[in-house]
Each structure stands twice: as structure tokens, then as C-alpha cells.
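Undergrad: below: sequence and its predicted model.
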Amino acid sequence: MKEKQTHTWLFKKLLRLRAEATQWIRITPGNGCSISFWHSPWSPFGPLLQRFGSHGPRHSGIPLSSSLSTLWNGSSGIISPARSLLMEQVHIHLSTITLSDSPDFPIWNSAGIGANNNNKFVISKIYDSIRDSRPKVFWNKAVWFSKGIPKHKTLTWLFLLNRCPTRDRLLSWGLQTDPSCLLCNNHPESRNHIFFDCSFTRSIWRPLSRKIGLTSPSDSWDDTARAVTNFTGTVHHIFLTRIAWQLVIYETWRERNHLHRGSFKGSERLFSLIERTITNRISSFRQDNPEYSSICMQLWLSMS
């Protein structure tokens, strides 16, 4: 199918992805009527026109419009002798095929992404095959953990990448702004200062980190991220540690942004808000996972 002016923008985009999507599709021949010899992914070599190029039909003597059924004499394929090693391999594969009266049908080609999934469509494999492959970061589990609060996880991820608009970054973009930290006004504002060298944030993080069992809490961003990631204990204790860390990041950053509008809660109110949010989050599991909720709540209330 060719693009038409009447097609929607989205449909045109889908048509342009056909060549990329073909690597994950394999058409198993039935009667061969719907299989284009040159365009369809009926062989292990993918669409043959991509392998042979635009000169393939002329060099092989097989018309571009040929279907697999038109090259079948009832018992075997009828094509000219091979003139290249690749065409010879196509001939060999064609000799293993027997057409029938059943229709052609597509299957999920798991081998197209180098994995055997019993021909089942697995979206995660597709995603892994098209995304940029990079080394796994050490903090992965401390951010994308089960039962966390999505907006807190997202903001923590952005801070770990140092992508949030702290004042040092605004200045690096050429914007004219006061470099002082909005929370303490004593030092230049940066991610590493706010978390947790800033006296305001430190007054919240230190007592909370001691409460959840982080020994010798550090004021360093990197050291704290590693301590939270490498924290060992029960799954419930690890959950409380990670959600508390993310909550301090989220609520402190929100407080910092509220200062632009003249709103200020103070460290004590913010600490109480964080504790209440943790309690509410644990309670939210009660209906679907009462045992997990009960254990987390008992552990949380037992922490002094």
C-alpha cells in the first residue's frame, strides 16, 4: 500500500514503519497467493528486495510483482538457476517449502530479535531491541521499585540524571538569576547542595534516615543514593527506606518551588507531612495486599 494524501498523519507514520516491523514478522506459506516473493518476509532472509536491492528482480529474472504461488508448479518452485550465493540459499530454502490449499498466515518471529520466545509476542523484547542499549545504573532498583509513588519515582529519576532546573543549571543555560539556594540562602543552589548539604533539607533527612535505620547518614548526594540502593533487610524495610528517601526529595523540591509564591511550610510541618504520606501509602495496600500492609505498618510504627 502506498501513502495517499487522504491518509491521516498517524496512518502515514505507521506505513513508514513497515520496513522496521518486518523483522519481527514471518509469514508461513500456505497457498502462497498473498506472499510477495520480493516484499514479504516469507524466508529467513527477510524481505528479499532489501537483501538483493532494486536490481534483484532483473538479475534473477523474477518479476517484482511475483507472488510465491506464481513461482510454484504444483510440486516445486520454478525459478531460474541461481547467479549468487545468496540466491542459491533462497533456492535451497524454497525447496523445503510445500504449498497447500490453506491461506498464508503470519507468525511472531522471535528469532528476529535473537531470542526464542516460542513465537509469542513479547512487547519487552521489542522495546529492548529498538532502544539504545546502555549500561545498567547502580540506582535502578532504588527508583523503579514496586509499590512506590509514580510521581516521586519520576522526580527522583530526574534528579539522579541531574535534569531538574536548579539554579546552577539555570545559570549554565545563560539565564540571569540569583545563585543562592532558595531554602537556606547560604550557599549556591545545586542538586548536590539541596540533597543533603542544605541545612533545611538536612534537618528533615537526618532524623528520618535514622528513623528508618540508615546508619551514619551522609550529607552527600552520591553517598546517600548508594546507601539507599545498597540497603539490606526485609522487603518491607527496604520499601520504607526507598519511599522515605524519595519523599524527602519530592517534598523538599516542591517546598522550594512554593517559595516562589510566598508559601512556606517549614521543616517540622514538612517532616510531619512525609510521615503521614508514608502511613497513607502503606494503608493503600490494605485491600489488595493486607499482609504486606500490616507488616509494613507494624514496622513503620515501631520505628522511633
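TA: Arrived safely, thanks for sending.
Undergrad: and the strands in the stretch 101-250 of the chain, which stretches?
TA: For the stretch 101-250 of the chain, applying DSSP state E, counting those that start in this stretch gives strands covering 105-108.
Undergrad: shaky segments in it?
TA: Low-confidence regions of the stretch 101-250 of the chain, defined by pLDDT under 70, span residues 110-121.
Undergrad: what about the helices in it?
TA: Across the stretch 101-250 of the chain, reading from the start of the chain, the helices by DSSP state H, counting those that start in this stretch fall at 123-130, 140-143, 150-160, 167-172, 191-192, 199-212, 221-229, 235-258.
Undergrad: what helices and strands are in contact with whichever helix or strand comes after the longest one?
TA: Translated: helix 235-258. The helix or strand immediately downstream of helix 235-258 is helix 267-283, counting by DSSP states H and E. If contacts are counted by 3 or more CB pairs under 8 Å, 6 or more residues apart in numbering; DSSP states H and E, helix 267-283 sits against helix 199-212, helix 235-258, helix 290-302. Every C-beta, even on glycine, is put in place using the N, C-alpha and C of the backbone.
Undergrad: Leu49: which of those helices is closest?
TA: Put simply, out of these the one that sits nearest Leu49 is helix 235-258, at 51.3 Å, with distance taken as CB to CB.
Undergrad: which one, of the helices of the stretch 101-250 of the chain, ends up nearest to Ile97?
TA: Between Ile97 and the helices of the stretch 101-250 of the chain, the shortest gap by CB to CB is with helix 123-130, which sits at 26.8 Å.
Undergrad: got the CA positions of that closest one in CSV?
TA: What follows is helix 123-130, C-alpha atoms only, in CSV (Å, rounded to 0.1, in the frame of the first residue of the first chain):
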residue,chain,number,x,y,z
ILE,A,123,6.5,-6.3,24.0
SER,A,124,9.5,-6.0,26.3
LYS,A,125,11.7,-7.8,23.7
ILE,A,126,10.5,-5.3,21.1
TYR,A,127,11.3,-2.4,23.3
ASP,A,128,14.8,-3.8,24.2
SER,A,129,15.6,-4.3,20.5
ILE,A,130,14.8,-0.7,19.4
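Undergrad: pull out the buried positions in that helix.
TA: For helix 123-130, burial by neighbour count (16 or more other CB atoms under 10 Å) applies to Lys125, Ile126.
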